[in-house]
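Asker: Just a sequence and a predicted model for now, questions to come.
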Amino acid sequence: QVQLVESGGGLVEAGGSLRLSCAASGRTFSGYAMGWFRQAPGKEREFVAVISWRGGRWGSDTDYADSVKGRFAVSRDNAKNTVTLQMSSLKPEDTAVYYCAASPRYDRRESVYEFWGQGTQVTVSS
């Protein structure tokens with residue numbers, strides 16, 4: 001088992017920034033791709049970003065939903081078992097509960113993620 005705990009959510013004005021963190025414990029963190037998903041009220045949970053365990057000569061690979069590309073950045077510190085989602089230029093439509101999740105595959109699909117955190121609320125006021 002991998003336990004995941006998100007933190008850093010809160011209330012921010014449109015145009016502002018927030019930094020979400022996800023701390024992993026339990027079974028080894030190594031080898032897992034880490035994803036961020038979000039669920040807005042009345043909507044299905046959707047993919048936000050993913051970072052591979054370790055990739056290429058340039059470091060970990062990353063992928064983003066079109067809606068957040070250029071505004072959000074995902075990073076990880078494998079030595080500290082943490083994943084971070086830096087969110088900038090926030091919009092009211094970014095309001096949602098944000099979840100981090102772990103998968104053995106570098107993938108956007110929610111179905112391949114084995115472990116999930118409890119989520120952290122992000123609210124962006126207009």
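Answerer: Sure thing, it's come through.
Asker: residue ranges with poor pLDDT in the protein?
Answerer: 55-58 (pLDDT under 70).
Asker: So for it, the centremost residue is which one?
Answerer: With distances taken as Cα atoms, centre = their mean, the residue of the chain nearest its centroid is W36 (2.5 Å).
Asker: Paired strands for the helix or strand where it lies, with orientation please.
Answerer: Element membership of W36, judged by DSSP states H and E, is strand 33-39. Strand pairing for strand 33-39, determined by DSSP bridges: strand 46-51 (antiparallel), strand 96-103 (antiparallel).
Asker: rewinding a little: pull the contacting residues for the residue nearest to the centre of the chain.
Answerer: By Cβ atoms under 8 Å, 6 or more residues apart in numbering, the contact set of W36 is L20, C22, V48, A49, V50, V74, V83, L85, Y98, Y99, C100, A101. Just so you know, the C-beta spots here come from the backbone N, C-alpha and C atoms, and that holds for glycine as well.
Asker: same question, Q1
Answerer: Q1 touches G26, R27, F115, counting by Cβ under 8 Å, 6+ apart.
Asker: Give the buried subset of the residues you listed as a ChimeraX selection command.
Answerer: To isolate the buried members of the contacts of Q1 in ChimeraX, using 16 or more other Cβ atoms under 10 Å:
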select :115
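Asker: For K43, state which of the contacts of Q1 is nearest.
Answerer: F115 (22.6 Å; Cβ to Cβ).
Asker: Can you tell me which of the contacts of Q1 is nearest G16?
Answerer: Of the contacts of Q1, the one sitting nearest to G16 (Cβ to Cβ) turns out to be F115, at 29.7 Å.
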